[in-house]
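Mind looking at a prediction? Sequence and model below.
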Amino acid sequence: MSPSTSSYLAGMLALFVGQRILDGIDEWQLVATVLGAGALVAAAALRLRELRAAKDPGLRLGHRLALVLLLVGVGATVLYVGTTERFVTGLHLSDRAEERWLGITRSLWPVVWLLGTVPLLAVDHALRSSPVVVPTRRVQETLGHGLVFAMGLCLVFPLNFIATKRNERWDLAYFKTPTPGTATLALVEALEEPVTVRIFMPPSSEVAQELRAYFAQLEGPKVQVEILDQAASPRLSKALAVRDNGTVAITMGDVSALMDESEPEPEPTPGPEVDAPEPEKDEGPQPVTKRLRVDPELDKAKRVLKKLDAEVGKMLIELGQGERVAYFTTGHGELNWSQEKELLDASIRALRTRMQELGFSVKPLGLTEGLGEKVPDDASLVLVLGPRKPFYQAEVDALSTYLDAGGSLLLAREPTPMLEGTVVPSDPLDGLMTKLGVQMGEGILASERNVIPLARNRLDAFNLVTNGFTSHPTTRQVSDRSEQLVVVTPATGHLEEVPGQENSVTFVVRSLAYTWADLNADTRFDGDAGETKEARNLMAAIEGGGATRWRAVATADASMFADLGVGLSLGNQRLAEDSINWLIGAEALAGTTESEEDVKIEHTKEGQQWWFYLTVLVVPLSVVLLGAARLRWRRRSSSASVAATKPAPKPETPKPAAPKPEAPEPEAPESEAPEPEASESDDEDDDSTKGGAA
């Protein structure tokens, strides 16, 4: 770092210490300010001297730019002076003008200082790395890099200013408070007495606004909405049993009497005792309040707000319709909500949850609960879902007596394959179905198309779906949207009407026309065995009785109410809701309940096992195999590229064959005359010949 830049940074540090750290200590502040200003002047003088001494064009350009950047940094200190209290007071600005002036200068001087200091350090580094000769292009590129970096840092200041002035929060997670569904609106219309909704929340709570927006759509002659602070309404809070904020209280009736009772009794005044008559107590109906806990913090309240419509609907049902109790028969292998049952076609946890949202209290009903004698008097509905073992006759008699008294029954049977050699025991439930006016047909319905591929084999022929609905209150929602909603009926049988019965039987769900009743459960259509393709009855809505009317729903499939149906198919859920509302005589309250809650993904034990093997074995092994294949491919590619770029070997030139040794000339016989001696000319010719040969 050059002496000029070192002096510049030291001067800036001295000014910072004097203005920020030593603020209030006038003597030391003045000393630090003077030292800082002197260091800045010295830095400019040193840079100017280096500029005059430079001979190379690149060095001269670098020092000239460094001097300009140094002056820009000094200019930032001048802007900082405009933010001091003494300077602003001397301008005599109005409050609004002073706020604007300080907002501009306080945001501008750090930006100017960065635009001068950061490029200065970059250019100085380029000059110190080549003190003799430096290319002009290198100086320009270094300046550009420094400016880009400085401008990136400058973005922090306007963003910080905007964030302080506009405190906004972005929540990227999906969240929405649902709007009232058609079922909730119908419940409000069916209220016999008006209700008051009191939202106890802090005034600044965002949750209060979410709740207010929801209840504003229900507000009217039968619903009044108030937002209160619990601390500001202690008497009302005590009367409604609300201890703190974060509670939604829905009350039917007048709470003024409870508020009067909560007042402390006045102290007796001195004087003669007089027997005052006791005030007569009003024996009218007491107000009923239902409470819902909602956290005042939005992040903690999102879970409740997503299912707010279902919670409010349940509270309105309890206030307007009274308590509902649904009994599920047990002890015969019926579908139940036990946690041990993990198969989707054997569990009814989804149905139980939905019935609780509809305001039902769900209870089991078996021999230990008194089914052998009678159905409890508080039963609003009895459900018999897929029994695999026969009922006792006493249990069936209790169900029949319950029906005759105006009860409501949902009876879902399962088909029995009629295989050769199989003896099917008699079940007293067959007699109860005959009393209803229907009976189970033979075989299991199958189809070659429009099935759900669950097993991925021939058994999928039994996994039927249908949108064949009759216009009836039990199928109101699915029949209105039959093009979008279908009902899943796995391994279903079919119903037949008993001739000569007097009940009103309406078949509300039918199979599609290309299904057949598979009599031998081989999943293959066999016309020679009497199997025919036609639409068959799957579900019936029945009304009967004399002066006391009863209602029943009978189906030839229980899996349609299991988690495989209600839990996964919206059509099955809507069908179950409408059927239950019709059975208890609340078909006018049928409708949809809105919810923004995320659907929980449930896996069966078999599915969890496959997920385990996929994550532990299949995925890692696939990664290893793909890596090995790619490595092998890269090696082959590199070998091929090396072979392609390697120059071809030059053809070898044949070496000249070695001269064969000449045979020695035979010696002349002694009788011959000696050869004459060679002359000098001959010797010269011979030497030239040897040289040419050589």
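Perfect, thanks for sending it.

Return the helix or strand in this protein with minimum mean pLDDT.
helix 680-693 (a mean of 44; mean pLDDT, DSSP states H and E).

So, low pLDDT: which residues of the stretch 551-694 of the chain?
Within the stretch 551-694 of the chain, the ranges that satisfy pLDDT under 70 run 591, 595-613, 616, 642-694.

er, the chain I mean
Screening the chain residue by residue with the criterion pLDDT under 70, one finds the ranges 23-24, 157-158, 161-175, 260-285, 339-342, 418-425, 591, 595-613, 616, 642-694.

Pop out the phi and psi values for Val197.
Note on Val197: its backbone torsions stand at phi -100, psi 120 [degrees, to the nearest 10].

What are the boundaries of the strands in the stretch 401-550 of the chain?
Assigned by DSSP state E, counting those that start in this stretch, the stretch 401-550 of the chain shows strands spanning 408-412, 438-440, 444-446, 463-466, 468-469, 487-490, 495-497, 504-510, 516-518, 537-544, 550-555.

for the ones you listed, which one sits closest to Glu323?
Taking C-beta to C-beta, strand 408-412 is the member of the strands of the stretch 401-550 of the chain nearest to Glu323, at 15.1 Å. No exception for glycine: its C-beta is placed from N, CA and C like everyone else's.

Paired strands for that closest one, with orientation please.
Taking DSSP bridges as the criterion, strand 408-412 sits next to strand 381-385 (parallel), strand 550-555 (parallel) in its sheet.

Format the ones you listed as TSV; extra columns: distance to Ser94 and mean neighbour count.
Formatted as TSV, the strands paired with strand 408-412 follow (distance: least, C-beta to C-beta, whole Å; neighbours: other C-beta atoms under 10 Å):
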stretch	distance to Ser94	mean neighbour count
strand 381-385	75	24
strand 550-555	78	24
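
For Gly500, find the nearest of those.
Closest approach to Gly500 among these is made by strand 550-555 (17.4 Å; C-beta to C-beta).

one step back: who wins for proximity to Asp124 among the strands of the stretch 401-550 of the chain?
Where the strands of the stretch 401-550 of the chain are weighed against each other on C-beta to C-beta, the nearest is strand 487-490, at 76.3 Å.

Render the CA-only coordinates of the closest one in CSV, please.
What follows is the C-alpha trace of strand 487-490 in CSV, where atoms were taken according to Å, rounded to 0.1, in the frame of the first residue of the first chain:
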residue,chain,number,x,y,z
VAL,A,487,-67.1,-43.3,-5.7
VAL,A,488,-64.5,-46.0,-5.1
THR,A,489,-66.1,-49.4,-4.3
PRO,A,490,-63.4,-52.1,-3.9
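
Show me what it pairs with in its sheet, parallel or antiparallel.
Pairing partners of strand 487-490, with direction, according to DSSP bridges: strand 463-466 (antiparallel).

buried sites along the strand it pairs with?
Going by neighbour count (16 or more other C-beta atoms under 10 Å), the buried part of strand 463-466 is Asn463, Leu464, Val465, Thr466.

returning to what we had before: out of the strands of the stretch 401-550 of the chain, which gets nearest to Gly36?
Ranking the strands of the stretch 401-550 of the chain by proximity to Gly36 (C-beta to C-beta) places strand 487-490 first, at 81.1 Å.

Off-centre distance for the closest one?
In this view, strand 487-490 has its centroid 28 Å away from the chain centroid, taken as C-alpha atoms, centre = their mean, to the nearest Å.

Give me the contacts around that strand.
With contacts defined as C-beta atoms under 8 Å, 6 or more residues apart in numbering, strand 487-490 is touched by 345, 445, 452, 454, 462-467, 469, 478, 509, 511, 538, 557, 559-560, 564-565, 568-569, 571-572, 575.

Tell me which residues of it come out buried.
When burial is assessed from 16+ other C-beta under 10 Å, strand 487-490 yields the following buried residues: Val487, Val488, Thr489, Pro490.

okay, among those, which ones form the most distant pair?
Using C-beta to C-beta, the buried residues of strand 487-490 reach their maximum pairwise distance at Val487 and Pro490, which is 10.8 Å.

Report the separation between Ala126 and Leu335.
When distance is defined by C-beta to C-beta, to the nearest Å, Ala126 is 81 Å away from Leu335.

Between those two, point out the one with more neighbours.
For Ala126 and Leu335, the more surrounded residue by other C-beta atoms under 10 Å is Leu335, and the numbers stand at 27 against 23.

Distance-wise, check that one relative to Met539.
Plainly put, Leu335 is 16 Å away from Met539 if you go by C-beta to C-beta.

How about Ala45?
Separation of Ala45 from Met539 (C-beta to C-beta) stands at 99 Å.

of the two, who's got more company?
Neighbours per residue (other C-beta under 10 Å) separate Ala45 from Met539, with Met539 holding more: 30 against 12.

Could I get the contacting residues of the residue nearest to that one when sequence neighbours are not counted?
Of all residues beyond its chain neighbours, the one nearest Met539 is Val509 (3.9 Å), with distances taken as C-beta to C-beta, 6 or more residues apart in numbering. If you count contacts by C-beta under 8 Å, 6+ apart, Val509 has them with Thr466, Gly468, Phe469, Thr470, Thr475, Val487, Asn537, Leu538, Met539, Thr555, Leu575.

Give me the secondary structure label for the last one.
Spelled out, it's Leu575. Using DSSP: H, G, I helix; E, B strand; the rest coil, the structure places Leu575 in helix.

quick one: it and Pro473 touch, right?
No: Leu575 lies out of contact with Pro473 (C-beta atoms under 8 Å); the separation is 11.4 Å.

In terms of neighbours, single out the busier of these two.
For Leu575 versus Pro473, the count of surrounding residues by other C-beta under 10 Å is larger for Leu575: 29 against 17.

do you know how far the more buried one is from Phe561?
9 Å.

hmm, back to that, can you put the strands paired with strand 408-412 in a markdown table and add distance to Arg636?
Conversion of these to a markdown table gives the following (distance: least, C-beta to C-beta, whole Å):
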| stretch | distance to Arg636 |
| --- | --- |
| strand 381-385 | 63 |
| strand 550-555 | 64 |
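
Quick check: end-to-end length of stretch 448-459?
Here the two ends of stretch 448-459 are set 11 Å apart, with distance taken as C-alpha to C-alpha, to the nearest Å.

What about the closest residue to Pro57 other than its chain neighbours, how many residues nearby?
If the residues on either side of it in the chain are set aside, Pro57 comes closest to Thr136, at 6.0 Å by C-beta to C-beta, 6+ apart. In terms of burial, Thr136 registers 14 neighbours under the definition other C-beta under 10 Å.

same deal with Leu589?
Under the neighbour criterion other C-beta under 10 Å, Leu589 is assigned a count of 24.

measure it to Ser233 for me?
In this structure, Leu589 lies at 33 Å from Ser233, with C-beta to C-beta as the measure.

Farthest-apart pair in the contacts of Val509, please.
Taking C-beta to C-beta as the measure, the contacts of Val509 span a maximum distance of 14.7 Å, between Asn537 and Leu575.

Now the single longest helix found in the chain: buried residues?
When every helix of the chain is counted residue by residue (DSSP state H), the longest turns out to be helix 95-129. Within helix 95-129, the residues that qualify as buried by neighbour count (16+ other C-beta under 10 Å) are 101, 105, 107-124, 126-127.

got it, and stretch 617-632?
When neighbours are counted by 16+ other C-beta under 10 Å, no buried residue of stretch 617-632 is found.

Okay, helices next: where are they in the stretch 301-450 of the chain?
With DSSP state H, counting those that start in this stretch as the criterion, the stretch 301-450 of the chain has helices at 308-320, 349-357, 393-404, 429-436.

Would you format the ones you listed as JSON lines with mean neighbour count and distance to Gln29 included?
Rendered in JSON lines, the data for those read as follows (neighbours: other C-beta atoms under 10 Å; distance: least, C-beta to C-beta, whole Å):
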{"stretch": "helix 308-320", "mean neighbour count": "22", "distance to Gln29": "60"}
{"stretch": "helix 349-357", "mean neighbour count": "20", "distance to Gln29": "71"}
{"stretch": "helix 393-404", "mean neighbour count": "18", "distance to Gln29": "94"}
{"stretch": "helix 429-436", "mean neighbour count": "18", "distance to Gln29": "98"}
